[in-house]
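> Build me a model from this:
(chains A and B)
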Amino acid sequence: MDFRFSPEEEAFRQEVAALLEREVPAEYRRKRMTFFDMSAQHDWIQVHRYIAERLGEKGWLSLHWPEEYGGRGLSPFYRLILREELARYHSPGYDSIGCGIVAPAILLKGSEEQKNQYLPGIAAGKVMWCETLSEPNHGSDLAAAEVFAKEETDCFVVNGQKIWTTNGHFADWNALIARTDRAANPNYRGLTFFLLDMKTPGITVNPIVNMAGHHEFNEVFFEDVRIPKENIVGGLNKGFYVVMSLLDYERTTDTVYAIAGTYINDLAEYARQNNLFTPVLENKLAQLRADCEVSRLLHYRVAWMQSKGMVPNYESAMSKLYSFELHQRVSEFGMDLAGQYSQLVEGSPRVPMFGRIPSCYLRSFGYSLEQGTSEIDRDVIAQRGLGLPRLR
Amino acid sequence: MDFGLNEQQEMMQTLARDFLAGEYPNKVLKAMVKDEKGCAPELWEKMAEMNLMGLSLPEEYGGVGDFLDLIVVLEEMGRVCFLGPYFSTVAVGAAAIMAGGNKEQREKYLPDIASGKANVTLALTERKVEYEADALQTMTISRGGYFVINGTKLFVPDAQAADFIICAARTGESNGGGDGTTLIIVDRNEPGITMRPLKTVSGEKLYEVIFENVKSSARNVLGEVNHGWRIVEKVLQRANVARCAEMVGLAQQSLNMTLDYAKERIAFGHPIGAFQAIQHRCADMLIDVEGSRFATYQAAWRLNEGLDAAKEAAAAKAWVSRACRRVMTSAHQVHGAIGFTEDHLLHYYTKRALACEFSYGGNDVQLAKLAALYK
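Numbering: from 1, shown residues only, chains lettered A, B, ... in the order given. All right, here's what the predicted structure looks like:
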């Protein structure tokens, strides 16, 4: 047992911090917004792309990839350290879909050609990705997807609608799940995983604004969109297996616990500046700090498993569920802390913390919905982690 | 013991529900959230014709019904997420004039309020938003037949739509018991008043109101000089219970929407309402909604009967505001991503519930009051 980072990892953290200190716009650090609160960041995409390229130049977006694909074969703790520092500096720049989902999918199930074609753009921070899994009638129930890709001689032709596509309005490329066999039984055996250039004719992206007022996700419509056959990852009708192996990666989204930890410190600072400390408040703050500590450890455990070559499964669901719900509690605490002031939005007289308090709170409703709802996570933990029986 | 509504209350409920269903559709709600003043004149006139502004005022001033009738109507307003200067004028402003006003003042203000001609709001809190007399710093000094007010009031509801502002100000040293404060009615058009809108997530119209050497006649003092806080305490009790009623309506409607959705939405081959994870949430929501309703009714009934309701009012506001947050969280969770968008109605309810919760003292304020009563 050893809960320390290695000297090399500590040195890496210093190096990351130094770069962010230099490159993250002062405005971002002053306003202390995050990806989970894009309200006051109108130039978010420019900053994201700029920082992503800086990280790419350093090779920091592919640290734990195998060396033959441009990585350095380092432990996943390096990625975790990178993302902790990004959270601490309130910096975008890590494309969690490209780096966190698409790259692992290609590394796990992609062909040599695909690895050579797509990985360098992700590693360089130059190609931004979105994923289109959810559909209007099928959110958590991915296996029921209906968007159809019809096989023709040289390509597949896609028609239908996807929804809740994060960054769909920015993305260069898209990881698409489409039905290629309507007769498949069970239905998940008829899905295929495609890589799709967003410049392909026939794609329409419409914004959806969330209840916090941020434009984060979109609806995406496909009308006779042609995808070359070589863009299938993992084989025809094998898409569900690709996604299932990826969800364990997505469930390790390494930022939310770090963002919650940063936010609780910022709230404590607000309380200090405004003389708000009372025994009750101190108690709540202390409780949330303990929660943040536990959340961090649940994440470190997942990274540790990965570093040992184990495949985390319900463990990822636990760390995701706990950190996302923790962020909801922290966001809710922010509302209590600021009281009447917590209703004020950016641009209002008297607004505290640039409107971050209601923005974070309202955004936090999504945490128990995205990347599989909390109910699905609890099912995973109960059934796979505890071996409890399935009813359906 | 009787948990039900009487015939008159049932009539008020039906009347209000039908009226609001017709006159306050979702598009009016959406417009009101964005509207600067948050008040539609035609709607206001129709409400006045129904005598909604006179609810719980004595007949001699053009009023009708009692506090429980007002509670019933506010619950209905909660159901449609009603925005407008109704609460600030009827549940708070008029209540303050009833609680502290002399015959002359009641005759001067109440008939105009009851007929919808005048709006009045209470300017209570300041920079450090506290619901304690000692927190007041806005000063008013007596000069001849006038009082001259200086200071900044924050979170004043519907100030822009108000014709009169009841200002709570300091006229003497604080003694920790609430003395040294005075309530005075000020004409909104009096020189020296500046207003700045505070922009809120819910569209609740809250203002910063700055008084700079603002004059008001000594005849406009509500109750006695230096003893205004006694009136404030009475008004706060009513206002908080009235806010609870609104939250009950908000929570009930959110539960209704959620149940409809849980029965319709199919996932994994079943309506999601068939899954235990969803059923348990909905069951907890019902406990929260009905618990809120009866906590509110009990406190409202005691106030209506003229019984002491300090404990019941504080407990209701503390509990209902938490219950309401839980209900909204569950409503969003069951709705999934669709309820997380601006296009869906649910977020209006969530945000409105926060506005209700924080006004006139949120959970922490009420718990402190309650704790003090048990000391």
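
> rest of the way, CA atoms for contacts and neighbours
Will do.

> right, and the helix or strand after whichever strand or helix holds B:A262?
Counting by DSSP states H and E, the element that carries B:A262 is helix B:229-264. Moving toward the C-terminus from helix B:229-264, the first helix or strand encountered (DSSP H and E) is strand B:266-267.

> mean confidence score for that next one?
Averaged across strand B:266-267, the pLDDT comes to 92.

> I'd like to know which elements the helix holding B:A262 is packed against.
For helix B:229-264, the packing partners by 3 or more Cα pairs under 8 Å, 6 or more residues apart in numbering or on different chains; DSSP states H and E come out as helix B:67-79, helix B:94-100, strand B:181-187, strand B:270-271, helix B:276-305, helix B:310-335, helix B:346-358.

> so which of these comes closest to A:A17?
Relative to A:A17, the nearest member of the helices and strands packed on helix B:229-264 by Cα to Cα is helix B:310-335, separated by 36.5 Å.

> how far out from the middle of the chain is that closest one?
For helix B:310-335, the distance between its averaged C-alpha position and the chain's averaged C-alpha position is 15 Å (Cα atoms, centre = their mean, to the nearest Å).

> Tell me which of the helices and strands packed on helix B:229-264 lies nearest to chain A.
helix B:346-358 (5.5 Å; Cα to the nearest Cα).

> what does that closest one rub up against?
Applying Cα atoms under 8 Å, 6 or more residues apart in numbering or on different chains, the external contacts of helix B:346-358 come out as A:211, A:339-340, A:343, B:81, B:201-202, B:204, B:243-244, B:246-247, B:250-251, B:254, B:317, B:321, B:324-325, B:328, B:331-332, B:339-341, B:363.

> Now the element after that helix, going C-ward?
Beyond helix B:346-358 in the direction of the C-terminus, DSSP H and E gives the next helix or strand as helix B:363-374.

> helices or strands next to that following helix in the packing?
Secondary structure elements in contact with helix B:363-374, counted by 3+ Cα pairs under 8 Å, 6+ apart, are helix B:310-335.

> 10 Å - rerun?
Applying 3 or more Cα pairs under 10 Å, 6 or more residues apart in numbering or on different chains; DSSP states H and E, one finds that helix B:363-374 makes contact with helix A:314-338, helix B:310-335, helix B:346-358.

> Can you name the element that comes right after the first one?
From helix A:314-338 onward toward the C-terminus, using DSSP H and E, the following helix or strand is helix A:356-364.

> what residues are up against B:N363?
Residues touching B:N363, when contacts are defined by Cα atoms under 10 Å, 6 or more residues apart in numbering or on different chains, comprise A:336, A:339, B:314-322, B:357, B:369.

> one step back: mind checking which of the helices and strands packed on helix B:363-374 is nearest A:G71?
When these are compared for distance to A:G71 using Cα to Cα, the nearest one is helix A:314-338, at 23.2 Å.

> need the contact list for residue 127.
With no chain named, the answer covers chain A. With Cα under 10 Å, 6+ apart as the criterion, the residues that contact A:V127 are A:R49, A:A52, A:E53, A:D95, A:G98, A:Y118, A:L119, A:P120, A:G121, A:A171, A:D172, A:W173.

> Sorry, I should have been clearer: chain B.
Counting by Cα under 10 Å, 6+ apart, B:R127 touches A:Y341, A:R350, B:A135, B:L136, B:Q137, B:T152, B:K153, B:L154, B:F155, B:E208.

> now with 6 Å?
For B:R127, the contact set (Cα atoms under 6 Å, 6 or more residues apart in numbering or on different chains) is empty.

> Could you do B:Q366 as well?
If a contact means Cα under 6 Å, 6+ apart, then B:Q366 has B:A314, B:A318 as its contacts.

> go with 8 Å
B:A314, B:A315, B:K317, B:A318.

> Please apply the same query to A:F354.
Under the contact definition (Cα under 8 Å, 6+ apart), the residues listed for A:F354 are A:K31, A:A40, A:V345, A:E346, A:G347.

> three-state assignment of the residue lying closest to B:H344 once chain neighbours are set aside?
Nearest-residue entry for B:H344: B:I338, 6.7 Å, with adjacent residues in sequence omitted and distances by Cα to Cα, 6 or more residues apart in numbering or on different chains. Here B:I338 takes the helix state, with states given by DSSP: H, G, I helix; E, B strand; the rest coil.

> number of nearby residues for B:I338?
As a burial measure, the neighbour count of B:I338 was computed by other Cα atoms under 10 Å in any protein chain shown and equals 19.

> What sits closest to the residue in the stretch 251-375 of chain B that chain A sits nearest to if chain neighbours are left out?
Proximity of the stretch 251-375 of chain B to chain A (Cα to the nearest Cα) peaks at B:T341, 4.0 Å away. Beyond its immediate neighbours in the sequence, the residue positioned closest to B:T341 (Cα to Cα, 6+ apart) is A:N210, lying 4.0 Å away.

> Run a quick neighbour tally on the one you found.
Per other Cα under 10 Å, the neighbour tally for A:N210 reads 24.

> Surely it and B:I338 touch.
No. Using Cα atoms under 8 Å, A:N210 and B:I338 do not qualify as a contacting pair, with a distance of 9.1 Å.

> ranges for the strands of the stretch 101-250 of chain A?
Secondary structure of the stretch 101-250 of chain A (DSSP state E, counting those that start in this stretch): strands at A:129-132, A:148-151, A:155-162, A:173-179, A:191-197, A:203-209, A:215-228, A:232-233.

> and residue 145, what does it touch?
Reading this off chain A. Applying Cα under 8 Å, 6+ apart, one finds that A:A145 lies in contact with A:L133, A:S134, A:E135, A:H138, A:I177, A:A178, A:R179, A:L191.

> think we crossed wires, I meant chain B
When contacts are counted by Cα under 8 Å, 6+ apart, B:G145 touches B:S217, B:A218, B:R219.

> try 6 Å
By Cα under 6 Å, 6+ apart, the neighbours of B:G145 are B:S217, B:A218.

> Tell me how far it lies from chain A.
Here B:G145 is placed at a distance of 35 Å from chain A (Cα to the nearest Cα, to the nearest Å).

> Please report how far that residue lies from A:G125.
74 Å (Cα to Cα, to the nearest Å).

> tilt between whichever strand or helix holds A:R301 and helix B:363-374?
With the criterion set as DSSP H and E, the secondary-structure element containing A:R301 is helix A:279-307. Regarding helix A:279-307 and helix B:363-374, their directions subtend 130 degrees when assessed with axes from the mean of the first three to the mean of the last three Cα atoms, to 10 degrees.

> So which bits of helix A:279-307 are buried?
For helix A:279-307, burial by neighbour count (16 or more other Cα atoms under 10 Å in any protein chain shown) applies to A:281, A:285, A:288-289, A:291-292, A:294-296, A:298-300, A:302-304, A:306.

> which one of those residues sits closest to B:E45?
A:L281 (45.8 Å).

> Please name the nearest non-neighbouring residue to the closest one.
The nearest residue in space to A:L281 (Cα to Cα, 6+ apart) is A:L337, at 8.0 Å.

> Next, count neighbours for residue 62.
Chain wasn't specified; assuming chain A. Other residues within reach of A:S62 by the criterion other Cα under 10 Å amount to 27.

> The intended chain is chain B.
Residue neighbour count, defined by other Cα under 10 Å, stands at 17 for B:G62.

> So which bits of the stretch 151-300 of chain B are right by chain A?
With Cα under 6 Å from any Cα of the partner chain as the criterion, the stretch 151-300 of chain B meets chain A at residues B:L198, B:K199, B:T200, B:V201, B:F268.

> contacting residues around the last one?
Taking Cα under 6 Å, 6+ apart as the definition of contact, the neighbours of B:F268 are A:D141.

> How about the third one?
The neighbourhood of B:T200, defined by Cα under 6 Å, 6+ apart, consists of A:Q343, A:L344, A:V345.

> tell me which of those is nearest to B:A91?
Using Cα to Cα, A:Q343 comes nearest to B:A91 of the contacts of B:T200, at 21.4 Å.

> if you skip the residues just before and after it, what's nearest to the closest one?
Once chain neighbours are set aside, the closest to A:Q343 by Cα to Cα, 6+ apart is B:T200, at 5.1 Å.
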